[in-house]
Each structure stands twice: as structure tokens, then as C-alpha cells.
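[1] Compute the structure for the input listed below.
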Amino acid sequence: MRWTATDFERLDPRLFRAFLAVVGHESFSAAGQQIGLTQGAISQQIAKLEDRLNAQLFVRAGNRVVTTAVGRMLSDHAQAYIDHTSRFLEQLNEEFESMRGQVSYAMPESCIHAPHFGWLLDRRRDYPELVLAIELKPAEAVLADVLAGEIDFGFANRDVDHPALVCHPFCAEEYVLACAAGRVQTATPASLDELLALPLIVYPGMIDGLNVWAARHCNERDPVGAVALRTLGQFNDIRGALAMVAGDLGLTVLPRHVAAAQVAAGAIRILEGRPERAAMQPIGIVRRRDRRMSARVRRVIRWFLEMHTELQPVPEEFLD
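    I've put the predicted structure just below:
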């Protein structure tokens, strides 16, 4: 016989589950045990498929049933149908319930003190079922987490050059050298030796900023490590380090926006260099190149990128 589209439309996809179970087990009874139906119910569903196709799907061979040529063709179609339906439902749930669930990212602590975070929270209020899981850690640890697939994306205040990563320009922050307002005898260091002679307060990620500052203001190309510093204090967060500086325990390098309130209050001052030599460092949004982003992750990244469209247009992949 010749099958037509009308014959095909008479197939009931609800029967595919029982049919595929028989194909897999080569047994009506074993198929019934797998999907919770009696052997009789399985036989009835297979009979309906055979009636609508006007073809035999199985033949008996001893204690097992063997799929016929028509049955094998139907098996390919049924499995493809089920797989396609599953993918469709997954995409449907992601797109139209996309703002339910968790988005995880990490960033250096200085980012939490920038206005961007407040802008993000304003947008997030419209999506009460969106969970933001945020960790604060130095850029090196952020990149390691992104590469390991432990977070959806991250922010890095350092250059990113890794084939497995994609970096989207986000903004830039300026690093400044800060001291207590009363430390009037200290001048802006003009060389690396003068910088390293200063009593310094260290916090996680501070050395990255110090190297950016030294490259711009001291023409230093080689990065320095912690052992080269004259460390007089350490704190595990940037605000604590800033409090040490205000208490005149030492100096530190940090983003200008973090120090702005203390400068305005007269507690600290910035050792200014030449304006044309501002120690600017780009900040990028970093993700794995091969990581599939859910709609809610794309949406949150898009929120950030829309804050600074003067750097680059929002990439097409975030406009869907």
C-alpha cells in the first residue's frame, strides 16, 4: 500500500511510549513493567498502531518479539518525535519561565561598591522568583570558577586571554593611591622603588590594582608580587583596608569610586598623578565559550551590558 499524509496524521504519539518500550525490551511483558502497564494494555496500544499503519510492527521469534522493517522506521520517527518534543518543552520553559531560578556569578569586591549593582537590583525587583547567587573574590579566582563551570559568568578587572573564554567589555575603573588625610608629608611616588618603600595595606586583589597603578605612574612593566611590598596591614575586604588607611596605618591602591565617600568626608586623600596617566583598567564580563546560557542568564548579562552601550553595542546573542 501507499501511505499518505492522512494516514500519518492518524498516528497517536501517546502510543509511542509503549511501542518504544517493546522495541527496547523485545518483550510485551517487560515493556509493560517498565512503563507501568499490563501486558494486555501494551498489546492493545501496539494493535492500534498496526491498524493505523496497516502494517505489522513485530513478529515473534521464540521468547522475544522482533521489530519489522516498518517497525524500525517507526522507531526512528517515534524517538525523534519524543526527543524533539523534549527539547521544545525545555526551550519553552527556559524562555517563558526564564526568570524563575538562579543566576550565579562572581566578581571582585570593588564591583559591589559601584552603582551598577544598585541598578541591577532595581531591575531584579520585577522578577521576585529570580535568585542572584553572587560571590566576591579576586579576578584570578573568578576566572578559575568560570573555567570550571561553577558559575554562569564573572567579572574580571584584568586582561583575559584564554581560548575557552569570551570577554564582553563592561566598564572601566580607575585605581588610585590613597592615604590618610593627615599624612601631608607623603608625595605621589615617581618610581617603583618609591612606591614599594611606602607602608602599604593589602586586601584581596589589591596587588592587581597596584600593578596597574605602577605601570601608568611609574612606567613599570614587570608585575610585582606580595613579597616585594612593605606590608603594614592586611584586611580580608576592601572596606576594612580603607578604614586602616583612614586610621593612618598605611596607604593602599584601590578603585577611585570605592574611596569617593571617604574623600568627600575628608578622612582620606588621593595622591594624584598626572591626569593623562590615569591608571584605568577595563572590566569585562567573562563566560565560557562553550557554556549554553539559559534565557535568564542571558537576560542578566544583557542588563549589565545595557548600562554601558557607549563601549560597544549589546551583542546579538543577548538580544533574542
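[2] In contact with A226, which residues?
    Contacts for A226 (Cβ atoms under 8 Å, 6 or more residues apart in numbering) come out as 202, 207. C-beta: built from backbone N, CA, C; applies to glycine.
[3] so how far is A214 from it?
    A226 is 14 Å from A214, where distance means Cβ to Cβ, to the nearest Å.
[4] where exactly do the strands run in the stretch 151-300 of the chain?
    Along the stretch 151-300 of the chain, the segments classed as strands by DSSP state E, counting those that start in this stretch run 153-156, 165-180, 200-202, 231-234, 252-255, 268-270, 279-288.
[5] between those, which one is nearest to R100?
    Closest of those to R100 is strand 153-156, at 18.7 Å (criterion: Cβ to Cβ).
[6] returning to that earlier point: right, so of the strands of the stretch 151-300 of the chain, which gets closest to G40?
    So among the strands of the stretch 151-300 of the chain, strand 279-288 is nearest, using Cβ to Cβ, at 51.1 Å.
[7] angle of the closest one against strand 165-180?
    Between strand 279-288 and strand 165-180, the angle comes out at 150 degrees (axes from the mean of the first three to the mean of the last three Cα atoms, to 10 degrees).
[8] Listing partners with orientation, what would you give for strand 279-288?
    strand 153-156 (antiparallel), strand 165-180 (antiparallel) (DSSP bridges).
[9] how far does it sit from the chain's center?
    14 Å (Cα atoms, centre = their mean, to the nearest Å).
[10] Who are the contact partners of the spatially closest residue to V166 that is not a sequence neighbour?
    Distances taken as Cβ to Cβ, 6 or more residues apart in numbering put R289 closest to V166, at 5.1 Å, once the chain neighbours are dropped. Neighbouring residues of R289 by Cβ under 8 Å, 6+ apart: 163-166.
[11] Please pick the buried ones from these.
    165-166 (16 or more other Cβ atoms under 10 Å).
[12] The residue nearest to V166 and G36, how far apart?
    43 Å.
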